[in-house]
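Asks: This is a predicted model, with the sequence first.
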Amino acid sequence: MRTCLGIIGVLLALTIVAALSTSWIVVYIDDREEGIKVLIPAPVFLADVAFHVGDVYADELDLPPEAEEFLPLLLPLVEELVQAPDFELLHVEESDLDVSIRKTGDLFDISVVDGDQVVRVKVPVSALQRAARAVGDGQLQIGELAGMLHGISRTQVVDVSMPDQDVRVWIW
């Protein structure tokens, strides 16, 4: 009995250490219209598992043929963005619409405000770099794409606010 409890204790301790040493993705959904609030924390390594389980398994995804002419430019462009100082790539203001894309530090900050609906996405430039390396021969390597989540730390990557709903996603 003591041996069994000892093994369970060791496994529990290893699980806790693994959980504390890995990155986590946290999804928060607040649907005020339905009165539902959901908080879902999960280790990022589950994204790797999700890409390789069941019917969704694929090693590669084909890119549209029209993308092929731009593929040789993708990695050099992203490499330059990594080295570039902070800048605003795009800013459009039109009546109730405000769209901006900025590079601030290691983040691409994409913001769309349309009246009372706001979408903000922050993508680490290093994640774009890894995604660009995952593209080869007109195909996107899924394992590499899932792996880019491991390089993201302590960032709110998605923030969607609407009058009746909020959705937020963090990587910790």
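Replies: Happy to help now that I have it.

Asks: By mean pLDDT, flag the weakest helix or strand of this protein.
Replies: helix 2-21 (a mean of 54; mean pLDDT, DSSP states H and E).

Asks: partners of the next helix or strand after it, with directions?
Replies: Where DSSP states H and E defines the elements, the next helix or strand beyond helix 2-21 is strand 24-31. Using DSSP bridges, strand 24-31 pairs in its sheet with strand 36-43 (antiparallel), strand 165-171 (antiparallel).

Asks: can you list contacts of the shortest one?
Replies: What that stands for is strand 165-171. Contact with strand 165-171 is made by 23-33, 44, 149, 152-160, as judged by CB atoms under 8 Å, 6 or more residues apart in numbering. Just so you know, the C-beta spots here come from the backbone N, C-alpha and C atoms, and that holds for glycine as well.

Asks: For PyMOL, write a command that selects the buried ones of those residues.
Replies: Buried residues among these (16 or more other CB atoms under 10 Å), as a PyMOL selection:
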select buried, resi 23+24+25+28+29+30+44+149+152+155+157+158+159+160
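
Asks: gap between Phe67 and Leu74?
Replies: If you look again at residue 67, you'll see it is Ala, not Phe. In this view, Ala67 and Leu74 are 9 Å apart by CB to CB, to the nearest Å.

Asks: which SSE is Ala131 in?
Replies: For Ala131, the element it lies in under DSSP H and E is helix 125-133.
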